[in-house]
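Colleague: Quick one, structure for this:
(chains A and B)
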Amino acid sequence: MPEYEDRITHNKEERNLEFKQSMDWNQPETKGKITKGILAMSNIRNGGLIVIGVEQQGEEFVLVGMETIHIESFTQDGVASYVANFASPYVEFSLTRHAVSINRFIVIDVKEFSEIPVVCRQDGPEGLRRGAIYTRTRRMNESAQVSSEAEMREILDMAIEKRIRAYFATTQRAGLISVPSETAERILRQQAEEDQRRFQEELPPEL
Amino acid sequence: MTTLKNPTIEKIHSRGYWRVNIHPTMFKKDRFTLSQCTEIMESSVVRLRVSPYPYLREGEIIVGGKDWIEWSGEYDCYIEYWRYYRSGQFIHHFACYEDWMPSDNITTSAIRKLRKAGESYLSLTPTIFSITEIFEFAARLAAKNAFTPGAVLSIKLENIKDRTLIWDSFLGHTLSIPTKVHMGLRKSHIPEIEFEGTFSDTDLLSRSSELALDAVESIFGQFNVDTSARDIWAQEQARLFERRW
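Modeller: Residues are numbered from 1 along each chain as shown, chains lettered A, B, ... in the order given. All right, here's what the predicted structure looks like:
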């Protein structure tokens, strides 16, 4: 199956998958919506995809594809330079064109932030607001400003985890700490062996 | 102990499958509440490919018993069952997707030949991806203090006797096989292959990708593949993190 095809044909929005109907990048509202979507996707675990060319008709998502003039208005450089004006510190994404049957689509694949959450650095179209942190809400699968403590906690947890992992990686590379001594490793293994039976008993025979 | 006859598990066990077991070194029955278990699983799932590791859909996790949550299901050629216990023990059985892929979807001629001859196979790159995802998942659990001070991680491939390890891209792309690891067809001659290790939290947090490569080397070694090709496996692993499947 070609790259992304199963996402394009998924027929249901997910937290990490957003569908948009065909649109012209040159329109300010398009720029606002796509920028908000990219900022939001960068702040969720594993990032996500924005697929343009899928239209919601009632409960269904229909693969109508993009108009030629619309698809040509989107370029990686054009979108990246515009989004860079709004993303602090930065957001990584790729923009590619895909075809399913005779229809064409744009897929924007947004990576999860690498160190600290992405904050909107200036006001812009479609309600983009300086200082706002956008996310994909859990309840509605939409891109919106963080509005609950649970969403904020999730973003902070991700940032903390990244810091912890970076810290341990650096200290281990530097040979400062973290490499368990033979004694510590032996104690850990011994402990694991002692408790192994209790973990095995927890599982039914089939597992 | 609970007796269980789950049709999904029976289906998984009917052909080749993976068994992944991760648990803390220390047993503590009530390490987490059930709602904490759900929260930990939802926030630790690894989504680097189309199908997440482990597979779950938010809102579909169920409380399977008084001490665990679970998810089971099928999608395309993927069949999975996992449980996460209040003790912090994670058990995951999932089918070798290769065994359930419809013949019409197979684009690689070498695999078509194997299929025609009634032989089973294991795809090399997706295997590297899966092992990397397992370690990344373990690292995410470690970041939530799910193991402190350490964890036992075991990966088993079951029902794999006479299975051929083959270099085939996940999405059927044509890959140029580096001559260094041009390996022809390598078969496993044993019914199961296992990798097991005990790791400290800090090891999982700081170098999960390297640990995954150790496991890849160990598992591929049992297919008699050149284990000096670590840099090649690392390149494949990088494709996963960069989402260049």
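
Colleague: most centrally placed residue in chain A?
Modeller: The centroid of chain A falls nearest to residue A:47 when counting by Cα atoms, centre = their mean (1.2 Å).

Colleague: That one contacts residue A:108, doesn't it?
Modeller: No: at 10.2 Å, residue A:47 and residue A:108 do not qualify as touching, with contact defined as Cβ atoms under 8 Å. Backbone N, C-alpha and C define where each C-beta goes, glycine included.

Colleague: Which neighbours do these two have in common?
Modeller: Counting by Cβ atoms under 8 Å, 6 or more residues apart in numbering or on different chains, the shared contacts of residue A:47 and residue A:108 are residue A:93.

Colleague: and the residue nearest to the centre of chain A, what pLDDT?
Modeller: Residue A:47 is assigned a pLDDT of 92 by the prediction.

Colleague: can you pull the contacts of it?
Modeller: For residue A:47, the contact set (Cβ under 8 Å, 6+ apart) comprises A:16, A:41, A:93, A:109, A:110, A:111, A:112, B:47.

Colleague: Let me see the ranges of the strands in the chain.
Modeller: No chain specified, so I'll use chain A. Remark: strands assigned in chain A by DSSP state E are A:17-20, A:48-52, A:55-57, A:60-62, A:87-88, A:93-100, A:103-110, A:119-120, A:134-136, A:143-145.

Colleague: nope, chain B please
Modeller: Listed in chain order, the strands of chain B (DSSP E) span residues B:17-24, B:62-65, B:68-75, B:78-85, B:90-95, B:121-123, B:150-158, B:164-166, B:186-187, B:192-200.

Colleague: How much space separates the residue nearest to residue A:56 when sequence neighbours are not counted from chain B?
Modeller: Nearest non-adjacent residue to residue A:56, counting by Cβ to Cβ, 6 or more residues apart in numbering or on different chains: residue A:19, 6.8 Å away. To chain B, residue A:19 is 16 Å away according to Cβ to the nearest Cβ, to the nearest Å.

Colleague: wouldn't residue A:19 be in contact with residue A:54 here?
Modeller: Yes: in this structure residue A:19 lies within contact range of residue A:54 using Cβ under 8 Å: 3.8 Å.

Colleague: quick one on the thing from earlier: now the strands of chain A as JSON lines including mean neighbour count?
Modeller: What follows is these, written out as JSON lines (neighbours: other Cβ atoms under 10 Å in any protein chain shown):
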{"stretch": "strand A:17-20", "mean neighbour count": "22"}
{"stretch": "strand A:48-52", "mean neighbour count": "24"}
{"stretch": "strand A:55-57", "mean neighbour count": "12"}
{"stretch": "strand A:60-62", "mean neighbour count": "14"}
{"stretch": "strand A:87-88", "mean neighbour count": "19"}
{"stretch": "strand A:93-100", "mean neighbour count": "16"}
{"stretch": "strand A:103-110", "mean neighbour count": "22"}
{"stretch": "strand A:119-120", "mean neighbour count": "19"}
{"stretch": "strand A:134-136", "mean neighbour count": "25"}
{"stretch": "strand A:143-145", "mean neighbour count": "19"}
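
Colleague: Show me the shaky parts of the chain.
Modeller: Using chain A here. Along chain A, segments meeting pLDDT under 70 span A:1-3, A:176-181.

Colleague: that's the wrong chain, I meant chain B
Modeller: Applying pLDDT under 70 to chain B flags residues B:1-4, B:168-185, B:226-228, B:244-245.

Colleague: Just the helices from it, written as ranges.
Modeller: Assigned by DSSP state H, the helices in chain B fall at B:7-13, B:34-44, B:109-116, B:124-143, B:201-221, B:230-241.

Colleague: among those helices, which is the most enclosed?
Modeller: helix B:124-143 (a mean of 24; mean count of other Cβ atoms under 10 Å in any protein chain shown).

Colleague: Now do that one: distance to the chain's middle.
Modeller: On the basis of Cα atoms, centre = their mean, to the nearest Å, helix B:124-143 sits 7 Å off its chain's mean C-alpha point.

Colleague: Just name whatever secondary elements that helix is in contact with.
Modeller: On a contact count with 3 or more Cβ pairs under 8 Å, 6 or more residues apart in numbering or on different chains; DSSP states H and E, helix B:124-143 meets helix A:149-173, strand B:17-24, helix B:34-44, strand B:150-158, strand B:164-166, helix B:201-221, helix B:230-241.

Colleague: okay, those in a markdown table with distance to residue B:53 next?
Modeller: What follows is these, written out as a markdown table (distance: least, Cβ to Cβ, whole Å):
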| stretch | distance to residue B:53 |
| --- | --- |
| helix A:149-173 | 17 |
| strand B:17-24 | 9 |
| helix B:34-44 | 10 |
| strand B:150-158 | 12 |
| strand B:164-166 | 20 |
| helix B:201-221 | 12 |
| helix B:230-241 | 10 |
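
Colleague: Can you check which of those gets nearest to residue B:7?
Modeller: Set against residue B:7 and scored by Cβ to Cβ, the helices and strands packed on helix B:124-143 come closest in strand B:17-24, at 14.4 Å.

Colleague: Does chain A have contacts with that closest one?
Modeller: Yes: using Cβ under 8 Å from any Cβ of the partner chain, strand B:17-24 reaches chain A at B:23, B:24.

Colleague: Just the C-alphas of that strand, formatted as PDB.
Modeller: Taking C-alpha atoms only, strand B:17-24 is exported to PDB below (Å, rounded to 0.1, in the frame of the first residue of the first chain):
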ATOM      1  CA  TYR B  17       3.300 -14.600  16.900                       C
ATOM      2  CA  TRP B  18       5.200 -12.300  19.200                       C
ATOM      3  CA  ARG B  19       5.000 -12.400  23.000                       C
ATOM      4  CA  VAL B  20       6.200  -9.300  24.800                       C
ATOM      5  CA  ASN B  21       6.400  -9.200  28.600                       C
ATOM      6  CA  ILE B  22       7.700  -6.200  30.500                       C
ATOM      7  CA  HIS B  23       7.500  -6.000  34.200                       C
ATOM      8  CA  PRO B  24       9.300  -4.300  37.100                       C
END
